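Participant: After the sequence you'll find the predicted model.
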Amino acid sequence: MTAHLATSARPKALGAYRPFWAKRFGTAPFLPMSREEMAKLGWDSCDVIIVTGDAYVDHPSFGMAVIGRTLEAQGFRVGIIAQPDWNSAEPFRALGRPNLFFGVAAGNMDSMINRYTADRKIRSDDAYTPGNAGGKRPDRATLVYTQRCNEAYKDVPVVIGGIEASLRRIAHYDYWSDKVRRSVLIDAKADLLVYGNAERAIVEIAHRLAQKKPIETITDVRGTAFMRKPDEPALHGWFEIDSTEVDVPGHVDALINPYLATEDAAATQGVDCAAQSAGTPPASEQPIRIVRQPLAKQDGHAVRTPRERTVIRLPAYELVKSDPVLYAHASRVLHLETNPGNARALVQRHGEGHIARDVWINPPPIPLFTNEMDQVFDLPYARAPHPSYADAKGGHDGETKIPAWEMIRFSVNIMRGCFGGCTFCSITEHEGRIIQSRSEDSVIREIEEIRDKVKGFTGVISDLGGPTANMYRLGCKSAEIEAACRKPSCVYPGICPNLHTDHAPLVHMYRRARGLKGIKKILIGSGLRYDLAVLSPEYVKELVSHHVGGYLKIAPEHTEGGPLSKMMKPGIATYDRFKAMFDQYSAEAGKQQFLVPYFIAAHPGTSDEDMMNLAVWLKHNGFRADQVQTFYPSPMATATAMYHSGLNPLKGISRHTLKDGRKGEKVDVVKGERRRRLHKAFLRYHDPKNWPLLREALKDMGRADLIGNGKHHLIPSWQPSTEAGYQAPRRSNSTQAVSAKAAPRSAQPSKGRVLTQHTGLPPHTTTMTNVGHPGRKSGPKGSR
């Protein structure tokens, strides 16, 4: 049931290409990062050089390894330049001139999200760098790396990809500069952009370049974007649909002035009263007739332009950068054209006059079929960081440990994609809605390889999942319906009746995996889609009885209907239903286990009252959220379009929003430092440092009844005489105390200054502790 689109032409399989001549060199233990390693392999040059913002880890969870090994399997010699010094072009010459192209990616994460928090504060760490050290990649790494590659070798094509380029393929709102930026293809001056899962596209591009075809001629590969002049002859022959404006009015007749004489009124309408004497009434007195303009028909059917030769023109960058309505409209159109089965090409103008360029975006790539997924994941990965990162003892567990690798070291990815469509998440925009699943045999082979080859394995697989834990082999019941569907989600506002939701293949895999010799436990660390899980009690029982290590991550995100409708998430009643099943099966298994629910503060569509109600729900249910996530407007997400425009692209876009929402809906956008801090404070209602701000807000909202010292109150009416900070189970989530003597002079309030949450509360000396709810466990946030 996976990746079974009814396409007119099945794409060329990854294994159908004739290997490049360099395949005779065989497989490298690690893709080389130096000339010395190249010499040991017998190479005089690299065919492709991948430049990445992450440390090189040869593991199928790291993009540079997947693309590098995929190209190696095609016979190409691939080198890696990882986290180069970007202050000059010299580090980009470390492996010499690539024969075919540079492949540039910022890394597994967007470089800006990796570097800055949701409050735009600089992070001090980087999980994709040895030693967790920050500052090893530049801001907007794709731009910087591409410019340095062009400086190093001007005549070598540059192909950009990865999630940073993928989510910036059109003009996009940039949260960090608070403005709309151009397509990354324009700013980087790259030759080609590859978006989404890139195996198909990158293999096709590499083979064409190996055949000496100019990169300018590669304009027909799905999942790519390229830049051209508006009048380029090679792009003629397309049917263009103009979608550059909304609410374009038709002709409006002028109102007749009732004070004019009949003759004068007729004259203003171009009618001579003398015509009446001939028996013809004036136009203003003729009955109104509605004339429909039928479409041309052929064989009884309306003639449609061929989708494979149809392009939709989006509003130009110069328009969307200054018009939030057009920005929201462009976002809506783009998200409607994401199904590989029916998506049309998009084009967006950047610049004016002689410098004008069109960014063309081809339809998304056809998802990999199961046998192709197996090929990609069965490649000879070393499943370890490159030896150059080894510590003094020759290992990777000391001061050079790479946290991101440590997290997935003993995990297995079983699928790609997500049909949830959560508006704040970029998985769908990057990997697509169609689930791409591996075969059970391929997954079992990887578990056995971890057991037999990975150093430090203790018998526990930390995760058997993917973007979502329980979408393995789920998909549309009909290939034809799937290819025609244009819905943004298969599970919102309810589970689609055409969705195949059988969890039996996943249950069978769990049982087979935990029965392997040497495997003590299989844990599920990916986020669970609980609205799907409740449809399969057998799956929930299997999961709870055998695959939960005390805590299970799920993401209700909120309790109130307003924000949930903007997120496209199910109501809290579904969470309650799943929790009842979870508690029942935990009790039957004789285990004490807890759910770890995650919530988002300050999401578009969230009112202060919504956050207050969520806080009351949290306290009523005994939760003390230590790891709080504030909405982070990532490029190209639908929720980001809401944040920037104040409109809801899910409901259609109009300059004249109607009350019934038929032509648009305005969204309450949480902006400003104080309001974002307030929403976050509601989630951490138990932290004394937030109480002054919450008291003030509750009084302004007319809810002073929630302030008091009873169990039914949200926060107390008193402020502790000591301020040692809130002690969370995880040290990084605690708020630390600052004594008056230890505080620097600049931190001491000046005489006469009011002491508040914002200017600094009086110092305290004793300690308050709070162990929190047993169901709260810190850790990376799972996928939705």
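Facilitator: Noted; the coordinates are in hand. Predicted model, so just to flag it, every value in this text is computed and none were measured. Residues are numbered from 1 along each chain as shown.

Participant: helix, strand or coil for Ala22?
Facilitator: helix (DSSP: H, G, I helix; E, B strand; the rest coil).

Participant: So that it lines up with my notes, have the first residue be 62 from now on.
Facilitator: Taking 62 as the first residue, the last one we looked at is Ala83.

Participant: from memory it sits against Ala134, does it?
Facilitator: No - with contact defined as Cβ atoms under 8 Å, Ala83 does not count as touching Ala134 (11.8 Å). All C-beta spots, glycine's among them, are computed from the backbone N, C-alpha and C.

Participant: which residue is nearest the middle of the chain?
Facilitator: For the chain, the residue nearest the mean C-alpha position is Ser487 (1.4 Å; Cα atoms, centre = their mean).

Participant: Distance of that residue relative to Cys479?
Facilitator: With distances taken as Cβ to Cβ, to the nearest Å, Ser487 is found 10 Å from Cys479.

Participant: cool, and Ala758?
Facilitator: For Ala758, the distance to Cys479 equals 35 Å [Cβ to Cβ].

Participant: quick one: contacts for Leu656?
Facilitator: For Leu656, the contacting residues are 612-613, 615, 640, 643, 836, by Cβ atoms under 8 Å, 6 or more residues apart in numbering.

Participant: pull the longest helix from this structure.
Facilitator: Criterion DSSP state H: the longest helix present in the chain is helix 633-649.

Participant: got the contact list for that helix?
Facilitator: The contact list for helix 633-649 (Cβ under 8 Å, 6+ apart) reads 591-592, 594-595, 598, 601-602, 605-606, 609, 613, 615, 617, 619-620, 625, 653-654, 656, 658, 678.

Participant: May I have it exported as PDB, CA atoms only?
Facilitator: Provided in PDB are the C-alpha atoms of helix 633-649 (Å, rounded to 0.1, in the frame of the first residue of the first chain):
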ATOM      1  CA  ILE A 633      -8.100  16.500  23.100                       C
ATOM      2  CA  ALA A 634     -10.900  13.900  23.400                       C
ATOM      3  CA  THR A 635      -8.800  11.600  21.100                       C
ATOM      4  CA  TYR A 636      -5.900  12.000  23.500                       C
ATOM      5  CA  ASP A 637      -8.200  11.000  26.400                       C
ATOM      6  CA  ARG A 638      -9.300   7.900  24.500                       C
ATOM      7  CA  PHE A 639      -5.700   6.900  23.800                       C
ATOM      8  CA  LYS A 640      -4.700   7.600  27.400                       C
ATOM      9  CA  ALA A 641      -7.500   5.300  28.700                       C
ATOM     10  CA  MET A 642      -6.200   2.500  26.400                       C
ATOM     11  CA  PHE A 643      -2.600   3.200  27.400                       C
ATOM     12  CA  ASP A 644      -3.400   3.000  31.200                       C
ATOM     13  CA  GLN A 645      -5.500  -0.100  30.700                       C
ATOM     14  CA  TYR A 646      -2.800  -2.100  28.800                       C
ATOM     15  CA  SER A 647      -0.100  -0.800  31.100                       C
ATOM     16  CA  ALA A 648      -2.000  -2.200  34.100                       C
ATOM     17  CA  GLU A 649      -2.700  -5.500  32.400                       C
END
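
Participant: What is the distance between that helix and the centre of its chain?
Facilitator: 29 Å (Cα atoms, centre = their mean, to the nearest Å).

Participant: just checking, next helix/strand downstream of it?
Facilitator: Remark: after helix 633-649, the chain's next helix or strand is strand 655-662, criterion DSSP states H and E.

Participant: hmm, back to that, between Ala758 and Cys479, which one's more packed in?
Facilitator: The neighbour count for Ala758 versus Cys479, taken as other Cβ atoms under 10 Å, is higher for Cys479 (26 against 20).

Participant: follow-up on the earlier one: so which of the contacts of helix 633-649 are in helices?
Facilitator: Judged by DSSP H, the subset of those located in helices is 591-592, 594, 598, 601-602, 605-606, 625, 678.

Participant: what two of those have the greatest distance between them?
Facilitator: Longest distance between any two of these is 30.0 Å, between Ser606 and Leu625; criterion Cβ to Cβ.

Participant: Stretch 673-681: which residues count as buried?
Facilitator: The neighbour-count check on stretch 673-681 (16 or more other Cβ atoms under 10 Å) flags 673-680 as buried.

Participant: I misspoke; the intended subject was stretch 402-417.
Facilitator: 402-411.

Participant: From Val139, how far off is Arg269?
Facilitator: 17 Å.

Participant: who's more crowded, the two?
Facilitator: Under the neighbour definition other Cβ under 10 Å, Arg269 and Val139 were set side by side, and Val139 has more, 26 against 16.

Participant: list the contacts for the more buried one?
Facilitator: Neighbours of Val139 in contact, by Cβ under 8 Å, 6+ apart: 92, 107-111, 129, 132-133.

Participant: ditto for Thr280
Facilitator: Thr280 touches 287, 289, 295-296, 421, 423, counting by Cβ under 8 Å, 6+ apart.

Participant: ok, now with 6 Å
Facilitator: Phe287 (Cβ atoms under 6 Å, 6 or more residues apart in numbering).

Participant: and it, helix, strand or coil?
Facilitator: Thr280 ends up coil, using three-state DSSP.

Participant: Keep only those of the contacts of Val139 that are in helices.
Facilitator: 129, 132-133.

Participant: How many neighbouring residues does the residue nearest to Cys107 when sequence neighbours are not counted have?
Facilitator: Leaving aside its chain neighbours, Cys107 sits nearest to Gly140 (3.9 Å; criterion: Cβ to Cβ, 6 or more residues apart in numbering). Neighbouring residues of Gly140 were enumerated by other Cβ under 10 Å; the total is 26.
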